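Q: coords below, sequence missing:
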């Protein structure tokens, strides 16, 4: 059943992975909801001015080209397709990056730590486990009473704010699904 749904989506999906969904009626940017779940901090290297951060990057958006008949799959009335990174690579997804990061990598212990869920309304959810080596400016003028701010900055690499809009989610349960 899952394979049938994936085949139905891919058969109707034009320019797979190359074009972002466009609102041709209102010409609004794509709203990409973003949540970060912190897994671990550290180590912090004061001489290099860098902090290692492990996290889950969770992205939510709608792509109406990915809608499908929910009757194709019926897994306990949970009308969503779940897949690994193979499906992600075939579909358009936000090109989020961290401009203040010196290095970043997706964990791939046994398999790439990345998942995608698509419901029948075209709501897409991705979750990726990342480690960032973030640049952290440090000022020791009031040592030992100094404080440091290490910011995580996110942007789209290719698109402007008129094309996609990144919105912070204040609460993420890690399992957002639309109700059906």
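A: Alright, I've got the coordinates. Here the structure is a predicted model, which means the values were calculated and not measured.
Q: A strand includes residue 115, no?
A: Yes: read with DSSP: H, G, I helix; E, B strand; the rest coil, residue 115 is one of the residues of a strand.
Q: tell me what it is bridged to.
A: For residue 115, the residues forming beta bridges with it (DSSP bridges) are residue 127.
Q: who are the contact partners of the residue nearest the centre of the chain?
A: Nearest residue to the geometric centre of the chain (CA atoms, centre = their mean): residue 59, 3.3 Å. Contacts for residue 59 (CB atoms under 8 Å, 6 or more residues apart in numbering) come out as 32, 33, 34, 93, 94, 96, 124, 125, 126. From N, CA and C alone the C-beta is placed, and that goes for glycine too.
Q: contacts for the lengthiest strand in the chain, please.
A: Under DSSP state E, the strand in the chain containing the largest number of residues is strand 30-45. Under the contact criterion CB under 8 Å, 6+ apart, strand 30-45 has outside partners 20-21, 23, 50-62, 94, 96, 129, 136, 152, 154, 163-169, 171-172, 174.
Q: quick one, which of those are buried?
A: Taking 16 or more other CB atoms under 10 Å as the criterion, what is buried in the contacts of strand 30-45 is 20-21, 50-53, 55-62, 94, 96, 129, 136, 154, 164-166, 172.
Q: pull the longest helix from the protein.
A: In the chain, taking DSSP state H as the definition, the longest helix is helix 2-12.
Q: so the residue lying closest to residue 117 once chain neighbours are set aside, which of the three states?
A: Leaving aside its chain neighbours, residue 117 sits nearest to residue 125 (4.4 Å; criterion: CB to CB, 6 or more residues apart in numbering). Using three-state DSSP, the structure places residue 125 in strand.
Q: what's the closest non-adjacent residue to residue 119?
A: Closest residue to residue 119 apart from its sequence neighbours, by CB to CB, 6+ apart: residue 80 at 4.4 Å.
Q: enumerate every residue touching that neighbour.
A: 117, 118, 119, 120, 177.
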